[in-house]
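>>> kindly return the folded structure for what I paste below:
(chains A and B)
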Amino acid sequence: MLNKYFSLVSLLILFTVTGCSSEKKVLLPVGDNYPESLSAWGVLWRDSNRLVINQKVIPYDLNTALFSDYAHKFRTVWVPEGETAVYRQDDTFDFPVGSVITKTFYYPSVKGGSHNQVLKTSDYSQDFVGQALNLNHLRLIETRVLYHSKNGWVALPYVWNEEQTDAVLEITGGSFDLELVSEESGSQLVAFNYSVPDANQCVGCHAPNHSARVIKPIGPKARHLNKTYFYASGEQQQINYWRTSGILKGVPSLEKVPQNALWTLDAKNNIDHRARSYLDINCGHCHNPVGAADTSGLFLDIAQNDDLKLGVCKPPVAAGQGTGGHLFSIVPEKPDESILLYRMHSLDPGAMMPELGRATVHKEGVDLIQQWIRSMKGNCS
Amino acid sequence: MLLTACSEQAPEPSVKNESFQKKLLTQLIKAKPGDVITIPEGRHVIDRALSLNVSNVVIKGVGKDKSVLSFKGQKQGAEGLIVTADNIVLENFAVEDTKGDGIKVNECNHLTVRDVRVEWTNGPDTKNGAYGLYPVQCENVLIEKSVVIGASDAGIYVGQSRDVIVRHNRAEYNVAGIEIENTIGADVYENVATNNTGGILVFNMPNLPQPGHSTRIYNNQVFANNTSNFAPEGAAVSGVPAGSGVIINSNDKVEIFENDISENKTANIIISSYFSAGYYSEKSTAKDFDPYPETIFIYKNRFSGGGDSPDHLELKALKVAQFGFNGRLPDILWDGIVNSEKISEGKLKKEYAICIDNDTAGIINVDAGNNYKNISTDIKPHQCVHDKLPQVSLQRGS
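Sure thing, here's the model as predicted:
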């Protein structure tokens, strides 16, 4: 009762304070004094029953995205006015100092379900009212902020409060006990511990060059952004939209822009491209020739074209119990004998891959990689 | 008689203390160069991986049996502690029961690990984490006075590194006690390796950028490493026979001298090629990989016992056939597989030979490449010496 009263009060306060969304300025922090609350960034905040974004901030989406326990994600990019990011063909775009990228993790809630029950669904269509998230049916979990400071990118995890009024900076991360409810009839609840990474763990993934230890955004690369998005002004190709909005320059003609597969569950074609796109975004930030997992000799980024380095008939180096009793990362035609699939399927922190950001099995991802391995020809003897 | 797995534990209550975990995480995340992060006395329950990304930091407790980070019930993270930074000192604390590796240091220059204990308290178990102390792609590494117990792969595992000293440690009840892999320049001395499956291993694995060489193993006590292999199948060490003292696999320029090596039931020393490790196939091995152990020098070791009850069927049969039920294999067991391109006048060129200058110690060449056809115990091809390797010197700044 008391809680309800307080959240009502805080909602009212928020309502009166925020006013017109477009008038806000995106924050430019001084030194490493980062705001305790997400709303202070002026990028996105709760307004009534919506999560709204600053009108100068651009929402975006990825062709094939990182799996995070079936959480839905809402991404935004902001480049300081008068500045532009520079297009790169294969790497993360070069963003100017002051740029802010956010990614909000949330779930559709379960009708009549408890607070900790969240829905597993690939349907995003109910999530939005215009460009904002409709919070009537959603549970916000966390928002990760990447801020490009003078000294490089900084990764900051914000965790949404119980009242869902704002998110608070939690550099040590956090965890939530949730229950995943599938839309499929007759399926069981899956209880899992959703883990918000700590600030160091953010770096673990966001330093694709592990030797240089330089933090970078992962998503904003040409091949991940090469799709359309439904903006307030209508559907447009994202990279074109960024260019015409003035936040991106040096863009080649669209047919020269690389494109990872579009993740749609009913896609049946081009298994190889879909599988490689999935491995690229889920594994390639560590498993690349200069990444944190270069110690394994297994490289899963999109550029890799050596079968052995891609894992075909490759024995593990230091997989520990991650081998699952198997001899090679990938055995052609035999997903069930492939370490890669075993580790994607595992929920044991000592064996599972990715090591972080997942406490459930991504069935659709596992199915894709299974099909992919099954479609390969050959053997390892 | 069973040796007790570890010394008496601090009988502190195992209470999960959210605020301690959060405080420690905060200290690690907000660390500034020059910080000393202390772990107070007590058993501290931690349920997610700790990480340090800042250079010039010391993490220290008050003793490896007093300041204990217990990861029993760990929910998240592939290690207990992962460090990616330079000039790091870790000392006087313990990490217990991690789901994956105990302490991993990935890419570093100047690492000291001193008086640290990593242990899986339930003893040998396939489900234990793989590596206890695990620096990889590091330079100038010192690991000393530390204890590792129960790793399902290697207790102390130095991979793909350069200029390494491992000394005065104790490795017990691991699959591999101490393993030096794809590393250039390592001195491993005055350690105790016992009750492991294999005591001290020097390996090269294929498909990695750096092949290792130049390791000296000396003044160690390597005895009774007879614990059944409990590594998960497919792991690099799952092929290690129980009862192995020192194993060299595919590595070059290795010196083994003045060790006490005894009572290792398969053999006190095993020298083998990658072909005998159980994984070789043409498709699985990068073409530039050198699978042959070459330029090995064994001298002045004190051997006793061992070789009397080898693991693996073919070795058992071989022992009985050659030496009888009550006999034993010689101290040094070699798979006999050599690079045919390096043979001159019917034998391996001198500079690549396995040289033995060790009193009465014998060698058996089991001719594994030809299905054990021409087994030989002829010591003559091994009566030679190599130039001694230089001492490893850590480039420590003042």
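>>> gap between stretch A:257-272 and the chain center?
Relative to its chain's centre, stretch A:257-272 lies at 17 Å (Cα atoms, centre = their mean, to the nearest Å).
>>> same question for stretch B:21-35.
Distance, centroid of stretch B:21-35 to centroid of chain: 31 Å (Cα atoms, centre = their mean).
>>> by proximity to chain B, which residue of chain A wins?
At 2.5 Å from chain B, A:Gly320 is the closest residue in chain A, using Cβ to the nearest Cβ. Quick note: C-beta positions are derived from backbone N, CA and C, even for glycine.
>>> and residue 142, which of the three is it?
All of this is about chain A. strand (DSSP: H, G, I helix; E, B strand; the rest coil).
>>> if you could check chain B rather than the one you did, that'd help
strand.
>>> so it sits against B:Asp115, correct?
No: with contact defined as Cβ atoms under 8 Å, B:Leu142 and B:Asp115 do not form a contacting pair (11.9 Å).
>>> picking that back up, in contact with the residue of chain A closest to chain B, which residues are there?
A:350-351, B:100-101, B:129-131, B:152-153, B:232, B:235 (Cβ atoms under 8 Å, 6 or more residues apart in numbering or on different chains).
>>> tell me the pLDDT of it.
Per-residue pLDDT puts A:Gly320 at 87.
>>> who does B:Val58 bridge with?
Taking DSSP bridges as the rule, B:Val58 bridges to B:Val36, B:Val89.
>>> can I get the CA coordinates of stretch A:121-140 in CSV?
Below are the C-alpha coordinates for stretch A:121-140, written out as CSV (Å, rounded to 0.1, in the frame of the first residue of the first chain):
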residue,chain,number,x,y,z
THR,A,121,8.4,-13.4,-27.1
SER,A,122,9.9,-12.4,-30.4
ASP,A,123,7.0,-10.0,-31.0
TYR,A,124,8.1,-6.4,-30.4
SER,A,125,5.0,-4.8,-31.9
GLN,A,126,3.2,-4.4,-28.6
ASP,A,127,6.2,-2.7,-27.0
PHE,A,128,5.9,0.8,-28.6
VAL,A,129,3.7,3.8,-28.6
GLY,A,130,5.2,5.9,-31.4
GLN,A,131,8.9,6.1,-30.7
ALA,A,132,8.5,5.5,-27.0
LEU,A,133,8.2,2.3,-25.0
ASN,A,134,4.7,1.6,-23.7
LEU,A,135,5.4,0.8,-20.0
ASN,A,136,1.9,-0.4,-19.3
HIS,A,137,3.0,-3.9,-20.3
LEU,A,138,6.7,-3.8,-19.9
ARG,A,139,9.2,-4.4,-17.1
LEU,A,140,12.4,-2.4,-17.4
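>>> please report how far the spatially closest residue to B:Gly305 that is not a sequence neighbour lies from B:Val366.
Nearest in space to B:Gly305, with sequence neighbours left out and distances taken as Cβ to Cβ, 6 or more residues apart in numbering or on different chains, is B:Glu263 at 4.2 Å. Counting by Cβ to Cβ, to the nearest Å, the separation of B:Glu263 from B:Val366 is 21 Å.
>>> swap in B:His110?
42 Å.
>>> where does the prediction get shaky in the stretch 101-250 of chain A?
A:185-186 (pLDDT under 70).
>>> what parts of it come near chain B?
Applying Cβ under 8 Å from any Cβ of the partner chain, one finds that the stretch 101-250 of chain A approaches chain B through A:171-173, A:175, A:193, A:195, A:198-201, A:203-204, A:210-211, A:213.
>>> looking at B:His110 and B:Val366, which one has more neighbours?
B:Val366 (24 against 21; other Cβ atoms under 10 Å in any protein chain shown).
>>> which ones are touching the most centrally placed residue in chain A?
Nearest to the mean C-alpha position of chain A, by Cα atoms, centre = their mean, lies A:Leu66 at 4.9 Å. Residues in contact with A:Leu66 (Cβ under 8 Å, 6+ apart) are A:218, A:281-282, A:357.
>>> mind redoing it with 6 Å?
A:281-282 (Cβ atoms under 6 Å, 6 or more residues apart in numbering or on different chains).
>>> before we move on, what about B:Phe203?
B:Phe203 neighbours (Cβ under 6 Å, 6+ apart): B:181, B:249.
>>> show me what it is bridged to.
B:Glu181, B:Asn249.
>>> quick check: residues of the stretch 101-250 of chain B near chain A?
With Cβ under 6 Å from any Cβ of the partner chain as the criterion, the stretch 101-250 of chain B meets chain A at residues B:107, B:129-130, B:136-137, B:153, B:205, B:207-208, B:232-235.
>>> same thing but 10 Å
The stretch 101-250 of chain B comes close to chain A at residues B:101, B:104, B:106-107, B:125-131, B:134, B:136-137, B:151-154, B:157, B:159-160, B:179, B:181-182, B:205-209, B:231-236, B:238, as judged by Cβ under 10 Å from any Cβ of the partner chain.
>>> correct me if wrong: B:Lys75 contacts A:Gly174.
No: B:Lys75 is beyond contact range of A:Gly174, at 11.8 Å (criterion: Cβ atoms under 10 Å).
>>> and A:Tyr194, what element?
Here A:Tyr194, judged by DSSP states H and E, is contained in strand A:190-196.
>>> packing partners of that strand?
Packed against strand A:190-196, as judged by 3 or more Cβ pairs under 10 Å, 6 or more residues apart in numbering or on different chains; DSSP states H and E, are the following elements: strand A:100-108, strand A:117-120, strand A:138-149, strand A:152-160, strand A:174-182, strand B:48-52, strand B:76-83.
>>> what strands line up against the longest one, and which way round?
To tie it back to what came earlier, the one meant is strand A:138-149. Going by DSSP bridges, the partners of strand A:138-149 are strand A:100-108 (antiparallel), strand A:152-160 (antiparallel).
>>> just the helices from the stretch 201-350 of chain B, written as ranges.
B:313-323 (DSSP state H, counting those that start in this stretch).
>>> lowest-confidence helix or strand of chain B?
Taking mean pLDDT, DSSP states H and E as the measure, chain B has strand B:347-348 as its least confident helix or strand, at a mean of 86.
>>> tell me what that strand is packed against?
With 3+ Cβ pairs under 10 Å, 6+ apart as the test, strand B:347-348 has no helix or strand packed against it.
>>> residues in contact with B:Thr215?
Contacts for B:Thr215 were tallied using Cβ atoms under 10 Å, 6 or more residues apart in numbering or on different chains; they are B:158, B:164, B:166, B:180-181, B:183-188, B:200, B:202, B:248, B:251-256, B:389, B:392.
>>> so which bits of stretch A:248-262 are buried?
A:248, A:251, A:257, A:259-261 (16 or more other Cβ atoms under 10 Å in any protein chain shown).
>>> how long is that stretch from one end to the other?
Start and end residues of stretch A:248-262 are separated by 22 Å (Cα to Cα, to the nearest Å).
>>> just stretch B:256-273 next, same as before
17 Å.
>>> for chain A, give me its nearest residue in the stretch 151-300 of chain B.
Counting by Cβ to the nearest Cβ, the stretch 151-300 of chain B gets nearest chain A through B:Gly234, at 3.2 Å.
>>> grab the nearest non-local neighbour of whichever residue of the stretch 51-200 of chain B sits closest to chain A.
Closest to chain A within the stretch 51-200 of chain B is B:Ala130: 2.5 Å, counting by Cβ to the nearest Cβ. Of all residues not flanking B:Ala130 in the chain, A:Gly320 sits nearest, at 2.5 Å (Cβ to Cβ, 6+ apart).
>>> for the one you found, grab phi and psi.
phi 60, psi -140 (degrees, to the nearest 10).
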